[in-house]
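Engineer: Sequence first, predicted coordinates after that:
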Amino acid sequence: MAFLILGILLLALKLAELGPVGAWSWWVVLLPFALASAWWAFSDSIGLTQRRAMDKMEEVKAARRNRNLEALGLVPRRDRRERPSRFPAGDSARRSAKDPSSADAADRR
């Protein structure tokens, strides 16, 4: 997008013959448009554009789902990934010692 904005700005300056851009070659003025098209072709080939579109659709679906649940008077369920763990990360050794079904606890008996 930055290449496109730069190209439009340079094109306007060239056509109005303002400043030093009026004396520049047309190749230099039109170069940002070529760079923009090259970037769009590259981003399409690696799937960046499609990935962004899919992420945007997922956000729209989640917002619609939450809006519909609120309209029904239900509290929308929190995403499982956002839920904090019941145990801090450092408690894993203590939990395994207390858990009789763990393999380590069985070896200690």
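Structural biologist: Looks like it arrived, so ask away.
Engineer: Regarding this structure, what is its longest helix?
Structural biologist: helix 48-71 (DSSP state H).
Engineer: In terms of secondary structure, what does that one contact?
Structural biologist: helix 26-45 (3 or more C-beta pairs under 8 Å, 6 or more residues apart in numbering; DSSP states H and E). Backbone N, C-alpha and C define where each C-beta goes, glycine included.
Engineer: Low-confidence regions, this structure specifically.
Structural biologist: 76-109 (pLDDT under 70).
Engineer: hang on, the earlier thing: ok and the longest helix of the chain relative to helix 26-45, angle-wise?
Structural biologist: 60 degrees (axes from the mean of the first three to the mean of the last three C-alpha atoms, to 10 degrees).
Engineer: got the CA positions of helix 48-71 in CSV?
Structural biologist: Below are the C-alpha coordinates for helix 48-71, written out as CSV (Å, rounded to 0.1, in the frame of the first residue of the first chain):
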residue,chain,number,x,y,z
LEU,A,48,-0.6,-13.9,2.7
THR,A,49,-3.6,-12.3,1.2
GLN,A,50,-5.8,-15.4,1.6
ARG,A,51,-4.6,-15.9,5.2
ARG,A,52,-5.6,-12.3,6.1
ALA,A,53,-9.0,-12.7,4.5
MET,A,54,-9.6,-15.9,6.4
ASP,A,55,-8.6,-14.3,9.7
LYS,A,56,-10.9,-11.4,9.0
MET,A,57,-13.8,-13.8,8.3
GLU,A,58,-13.1,-15.6,11.6
GLU,A,59,-13.3,-12.4,13.5
VAL,A,60,-16.6,-11.5,11.8
LYS,A,61,-18.0,-15.0,12.6
ALA,A,62,-16.9,-14.7,16.3
ALA,A,63,-18.4,-11.2,16.6
ARG,A,64,-21.7,-12.4,15.0
ARG,A,65,-21.8,-15.4,17.3
ASN,A,66,-21.2,-13.3,20.4
ARG,A,67,-23.8,-10.7,19.3
ASN,A,68,-26.4,-13.4,18.7
LEU,A,69,-25.7,-15.0,22.1
GLU,A,70,-26.1,-11.7,23.9
ALA,A,71,-29.3,-11.1,22.0
